[in-house]
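Visitor: Structure, please.
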Amino acid sequence: MSASYEVRDGVAVITLNNPPVNGLGYETRRGIADGVDRALADPAVKAVVLTGAGRAFSGGADIREFGSPKAIQEPNLLSLLKQMDNATKPVVAAVHGTVMGGGLELALSCHYRVAAPGTNVALPEVKIGLVPGAGGTQRLPRVVGVETALNMIVKGDPVKSEVLAGLPGQQLFQKIVDGDLLAGAIAFAQEIADARPLPRVRDLPLTHPNADAFFQFARNTVKAMAPQFPAPARCVDCVEQAVANARSGSFDAGMTYEREAFMALMMTPECKALRHAFFAERAASKIPDVADDTPVRAIQTVGVIGAGTMGGGITMNFLNAGIPVTILEMKQEALDRGIATIRKNYESQVKKGKLKQDKYEQRMALLSTTLDYAGLKDADLIIEAVFEEMGVKEKVFRTLDEVAKSGAILASNTSTLDVNQIASFTKRPQDVVGMHFFSPANVMKLLEVVRGEKTAKDVLATVMGIAKVIRKTAVVSGVCDGFIGNRMIEQYSRQAGFLLEEGCTPEQVDKAIEKFGFAMGPFRMGDLAGNDIGWAIRKRRYVEKPNMRYSKTADLLCEMGRYGQKTGAGWYDYAPGQRKPIPSPVVVEMIGQHRKDLGITPRKISADEIVHRLVFSLVNEAAKILEEGIASKASDIDMVYLTGYGFPLFRGGPMCYADTVGLFNVVQQMKRFAQNPHDDASFWQPAPLLAKLAAEGKSFNP
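Guide: Modelled structure (predicted):
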């Protein structure tokens, strides 16, 4: 059993023991239920204490059981809570560390609750597109009040136990225990052992002085904040039902309403997408041929080469995690500019109240600078963030090979270049890896970890581990031009260009894909990143892949000097100091003239066609990436796009979206796109893997 039982001084102690967070899996639920039965049947036991082993009381459902029969096998969570409700001896929940989701619902069904200071309390189900499913929306308002409870439920963020214990009139915690929690809980249980009647949260009154107006305000607020997600609004409905049913004394009616809302949400595409993202993020750290217990190298000091935008952002990640960094630049002026930018970024956070002054000073104290490669000789990890040109990378890595200590990890922040070639510039290719950060590097969550053919497994394990330390979502990619994200985005950008030639304006394309849910359309994205970057890549493509066709509109734009926001003009015009895109008559005229030169009569193109040409171009290229083994699983590709490219979370990533649409339908649509004489018909031939899965009625994500 994943729950132990012992009796101490007339108090039965049931300890949840299902590492790492005492998830309420079947064995744990069975152990709790058997322990309670045993305690109720023993005349020598006067009270029961329910607690958790290790660092948590319980984080809720055991995610390893999601979707399996064990998840609902009796005693399921609702049956367990009913058992607590009906217990004839007092049950005290002693919570510490984490009490979330089903773990909090379990504690709320106990007669009393005591907590250690600093306990994180939450009902986070909304984050995976659900409402709490075991009475959270019905019980929590009764112990902390309607407004506090609703705020916790619709946000899903943890709140500290002492904050909740300090609320006037709260009945969540009867005591905050300093020192030994279990000893304090047993002492408390002995104090109340004979108290009758036994208090039940379900019997507590629940009112709000202006319920109708409050719930309407709450509903309007969540709709404005999360228009694409149905769960927050259903959370409001459930708490409203708790108040309504409290008037009539029908707690069970509220429980039924909540359960029906839970089950209905479980079937929505938004919930499926959020659950997919939840599991995909955890799965991304699993590498098929690298065992979890692979030894890792100690990373105590980091070197960063380049103090520009990327180098500075990368540096901040490590300073934020308390890891000392030495930045190398060739000229003092460049170094001074880079350090000034880092200071400015931190000072902005201090001004906004997001960072305390002492923390800012601690982080800057971890930063040192050098103008000489010798200053990096003791670094455990060295990341280059220099100009994206192979000749420049070669000089850096040949020098590092001479200077870096044995066992140091040498990483390139390249976004497209061949990591195997970069590794060949050293006598230690096993120590070389790609660490592709996304701009701004101190903000964006994604880190593409590029595995060279000779990258050592312990290097890979170390980099994946350090990614967690600096709070990045790391996804492993094999070596190919553009890796996962940029290889796919090239096809997306090609389609965007063809759409212009056929009749769209940049604004029309951007609006369609942004309405679909993207954070930014392809033309606004180009203006933000710099259109000259794509231009440089296309020039390389014209030599390397002369048969790959591109719209010339982007080249014409760059020839006009319209590189984007940095030049005040790109696909859009920009007012001085402003980032708001203004449709440009000059660009529209340039596109129109280009159409005439090609002999294309513009046609009206629907938003649906725009969206699916862009999105399915990602999907088709991703299928090739999967087939080639560049990505090990479809969910890794989804994580790249959710965390690095602004793909809408409520759609779960391009592969999840394709699964939702149905791969048969994706293939049918691609066949229609291939008939377009102005598109690239050869590209729209379904990738072999996509064609195979569609023919077999399967999906990318099992």
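Visitor: who are the neighbours in contact with the residue lying closest to I466 once chain neighbours are set aside?
Guide: Closest residue to I466 apart from its sequence neighbours, by C-beta to C-beta, 6 or more residues apart in numbering: I299 at 5.2 Å. For every residue, glycine as well, the C-beta is placed using N, CA and C. Listed by C-beta atoms under 8 Å, 6 or more residues apart in numbering, the contact set of I299 reads I323, D380, L381, I409, T462, I466, V469.
Visitor: What would the helix or strand bottoming out on mean pLDDT in the chain look like as PDB? C-alpha coordinates only.
Guide: Across the helices and strands of the chain, mean pLDDT, DSSP states H and E gives its lowest value to helix 531-544, namely a mean of 88. Presented in PDB, the C-alpha positions along helix 531-544 are these (Å, rounded to 0.1, in the frame of the first residue of the first chain):
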ATOM      1  CA  ASN A 531      13.300  40.900 -42.000                       C
ATOM      2  CA  ASP A 532      17.000  41.000 -42.900                       C
ATOM      3  CA  ILE A 533      17.500  37.800 -40.900                       C
ATOM      4  CA  GLY A 534      15.200  35.900 -43.200                       C
ATOM      5  CA  TRP A 535      16.700  37.600 -46.200                       C
ATOM      6  CA  ALA A 536      20.200  36.300 -45.300                       C
ATOM      7  CA  ILE A 537      18.800  32.700 -45.000                       C
ATOM      8  CA  ARG A 538      17.000  32.900 -48.300                       C
ATOM      9  CA  LYS A 539      20.200  34.100 -50.000                       C
ATOM     10  CA  ARG A 540      21.900  31.000 -48.700                       C
ATOM     11  CA  ARG A 541      18.900  28.900 -49.800                       C
ATOM     12  CA  TYR A 542      19.100  30.200 -53.400                       C
ATOM     13  CA  VAL A 543      22.600  28.700 -53.600                       C
ATOM     14  CA  GLU A 544      22.000  25.500 -51.600                       C
END
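Visitor: who does that helix touch, helix- and strand-wise?
Guide: Other elements packing on helix 531-544 under the criterion 3 or more C-beta pairs under 8 Å, 6 or more residues apart in numbering; DSSP states H and E are helix 553-559.
Visitor: Quick one: list the elements packing against the helix it packs on.
Guide: Secondary structure elements in contact with helix 553-559, counted by 3+ C-beta pairs under 8 Å, 6+ apart, are helix 485-502, helix 531-544, helix 585-598.
Visitor: which of the ones you listed sits most buried?
Guide: Highest mean neighbour count among these (mean count of other C-beta atoms under 10 Å): helix 485-502, with a mean of 22.
Visitor: shouldn't G103 be in contact with T51?
Guide: No: counting by C-beta atoms under 8 Å, G103 stays clear of T51, with 11.4 Å between them.
Visitor: any common contacting residues for those two?
Guide: By C-beta under 8 Å, 6+ apart, the residues touching both G103 and T51 are F57, V95.
Visitor: neighbour-wise, which of these two wins?
Guide: Between G103 and T51, counting by other C-beta atoms under 10 Å, G103 is the more crowded of the two (28 against 21).
Visitor: OK, contacts around that one?
Guide: N22, L24, G52, A56, F57, S58, G59, G60, V95.
Visitor: of all these, which two lie farthest apart?
Guide: Largest separation among those by C-beta to C-beta: L24 and V95, giving 13.6 Å.
Visitor: Give me the below-cutoff pLDDT ranges for the protein.
Guide: 1 (pLDDT under 70).
Visitor: other SSEs contacting the helix or strand hosting V236?
Guide: Applying DSSP states H and E as the criterion places V236 in helix 231-248. For helix 231-248, the elements it packs on are helix 136-144, helix 146-155, helix 211-225, helix 251-266, judged by 3+ C-beta pairs under 8 Å, 6+ apart.
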